[in-house]
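Participant: give me a model of this one.
(chains A and B)
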Amino acid sequence: GNSVTQMEGPVTLSEEAFLTINCTYTATGYPSLFWYVQYPGEGLQLLLKATKADDKGSNKGFEATYRKETTSFHLEKGSVQVSDSAVYFCALVQTGANNLFFGTGTRLTVIP
Amino acid sequence: EAGVTQSPTHLIKTRGQQATLRCSPISGHTSVYWYQQALGLGLQFLLWYDEGEERNRGNFPPRFSGRQFPNYSSELNVNALELEDSALYLCASSPYSGAQSYEQYFGPGTRLTVT
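Facilitator: Residues are numbered from 1 along each chain as shown, chains lettered A, B, ... in the order given. The predicted structure is shown next:
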């Protein structure tokens, strides 16, 4: 079956620190991979995506590379800001299907 | 361009009652998805509608049902409410063409509280 395993939170970092949130997946075939972000009091927003192996998704300084050999899609940012404080969800959608499978979410708090 | 909208924002019901949640997709999107975000359980897929038909459902009992209207808006109905149905219900939409998957755009959610 399909599943997504995400790094447990919460994660607290100082401003300008380096961020990594680990995500690994189990799926048959070749899923598309996503990172969604949920800011306080808001709905989910798509942060970045990758649809095939070795693709790198990037947005707002965040990056993630689709690694088929390690079935991973780790989220990274070189220098976090207070405004990055949110819950981050890793997700996949199976080729030919449409429903997203989500990880449990990782809460990030960035302190000044 | 307007995003996905959901109503109501909050809904309070008592156990055993029925709840109806509504969703309007982004203009041009034909697929609507419902997800439940319950405390401690993460985000779980509930239902997928496209072109007025239910295409897939998650591992939820039949008292969770819904429909999609000709204008592609959708309703989620939860019958015989139980305390554990308290959650944030998120609606998402995407364009859908054949078997190709597209990214989903989420609404702000409806917070359902069952007392």
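Participant: burial count for residue 55?
Facilitator: Unless you meant another one, I'm taking chain A. Using other CB atoms under 10 Å in any protein chain shown, A:Asp55 has 15 other residues around it. All C-beta spots, glycine's among them, are computed from the backbone N, C-alpha and C.
Participant: try again with chain B
Facilitator: B:Arg55: 16 neighbours (other CB under 10 Å).
Participant: that one against B:Tyr49, yeah?
Facilitator: Yes: contact criterion CB atoms under 8 Å: B:Arg55 and B:Tyr49 qualify, at 6.6 Å.
Participant: mutual contacts of those two, please.
Facilitator: Shared contacts of B:Arg55 and B:Tyr49 (CB atoms under 8 Å, 6 or more residues apart in numbering or on different chains): B:Ser31.
Participant: the closest residue to A:Asp84 other than its chain neighbours is in what secondary structure piece?
Facilitator: Spatial nearest neighbour of A:Asp84, excluding adjacent residues (CB to CB, 6 or more residues apart in numbering or on different chains): A:Val110 at 5.4 Å. Element membership for A:Val110, per DSSP states H and E: strand A:106-111.
Participant: report the rounded mean pLDDT for that strand.
Facilitator: In this model, strand A:106-111 carries a mean pLDDT of 96.
Participant: same check, this time on stretch A:57-70
Facilitator: With pLDDT averaged residue by residue, stretch A:57-70 scores 96.
Participant: also stretch B:21-31?
Facilitator: 95.
Participant: and for stretch B:6-16?
Facilitator: 97.
Participant: contacting residues around residue 56?
Facilitator: Went with chain A since none was named. Going by CB under 8 Å, 6+ apart, A:Lys56 touches A:Ala50, A:Glu63, A:Ala64, A:Thr65, A:Tyr66.
Participant: let's do chain B instead
Facilitator: A:Ala97, A:Asn98, A:Asn99, B:Phe45, B:Leu47, B:Trp48.
Participant: so the fifth one touches B:Glu53, yeah?
Facilitator: No: checked against CB under 8 Å, the pair B:Leu47 and B:Glu53 is beyond contact range at 11.1 Å.
Participant: the more surrounded of the two?
Facilitator: Each of B:Leu47 and B:Glu53 has its neighbours counted (other CB under 10 Å); B:Leu47 has more, 24 against 9.
Participant: give the bridge partners for that one, please.
Facilitator: Assessed by DSSP bridges, B:Leu47 has beta-bridge partners B:Trp34, B:Arg57.
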